[in-house]
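1. for reference, the sequence and a predicted model appear below.
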Amino acid sequence: MSEISILAILVLSLALVISIFRFITANEIYTKILTVNLIGTKIVLLILLVGTVSIEKDFTDIAMVYALINFISTIVILKYYEDKEASK
Amino acid sequence: MRHHTIPRIVTKLLIPVILLFGLYVQFHGDFSAGGGFQAGVIFAAGFILYNIIFGLDIGKSILSVNTSKSLMALGVILYLMVGFLGILLGGNFLEYNYLSNTPINGQLLGIFLVELGVGLTVSNVMVLVFYSFNDISEEK
């Protein structure tokens, strides 16, 4: 069980690196926001997987808080850019 | 945000869950990760999300600036009252052992009340910071 989790963590870390590369190369701002959301979702999964390997039991709570912050920050950034484009 | 159906529906579904999670972090803080400060921030995040999606006028009709300031002060007063109650009942400042008939019950009651005060203060300070930023951007 633990070996499968460690393998999944490695694969997910590779996907995270690819996502960060996509974030750097993106030109449009909406692509960047979508990529930030993608990275946040991957980090939530990573926290949960680390929680299955580690002895600590509190990782699920932390993952839930991270998902919540990810959702709120995406909506706030999108609203900011919407207002900015409307005022042009 | 009148035309954005999907964020509105998702927020309506999510806000009770966020507030429930905040209460869980508040009252389960003795046994797992969390406590008053974190619970206050999560609670305030849910309320700020409501303000962003549905507009500040509706948000301020639920929790006005004056109510928020009063609740903020009430949290500090609750904290100090529990602290001085320890002195009045024969212990030191913030010593919970004398608050109830047995020391363990006293500890549980003291931690509960102090964390409640911290959570109340922190959540209202976060909401007030959000309101203040909005006032600054309206003045410009």
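-> In hand now; what should we look at?
2. which helix of the chain spans the most residues?
-> No chain specified, so I'll use chain A. Longest helix in chain A, counting residues (DSSP state H): helix A:59-86.
3. wait, I meant chain B there
-> Of all segments of type helix in chain B, defined using DSSP H, the longest is helix B:103-139.
4. wait, does the longest helix of chain A contact chain B?
-> Yes. Using CB under 8 Å from any CB of the partner chain, helix A:59-86 comes into contact with chain B via A:61-62, A:64-65, A:68-69, A:71-72, A:75-76, A:79. No exception for glycine: its C-beta is placed from N, CA and C like everyone else's.
5. ok and that helix relative to helix B:103-139, angle-wise?
-> An angle of 10 degrees separates the directions of helix A:59-86 and helix B:103-139 when computed by axes from the mean of the first three to the mean of the last three CA atoms, to 10 degrees.
6. tell me which residue of chain B lies closest to chain A.
-> The shortest separation between chain B and chain A is 4.0 Å, found at B:A33 (distances taken as CB to the nearest CB).
7. look up the closest residue to that residue, ignoring the ones flanking it.
-> Distances taken as CB to CB, 6 or more residues apart in numbering or on different chains place A:D58 nearest to B:A33, at 4.0 Å, with adjacent residues excluded.
8. can you give me phi and psi for the one you found?
-> A:D58 adopts backbone torsions of phi -90, psi 10, taken as degrees, to the nearest 10.
9. surely it meets B:S32?
-> Yes. A:D58 is within contact range of B:S32, at 5.3 Å (criterion: CB atoms under 8 Å).
10. who's in contact with the residue in chain A that chain B sits nearest to?
-> In chain A, the residue found nearest to chain B is A:D58; the distance is 4.0 Å by CB to the nearest CB. Contacts of A:D58 were listed using CB atoms under 8 Å, 6 or more residues apart in numbering or on different chains, and they are A:51, B:32-33.
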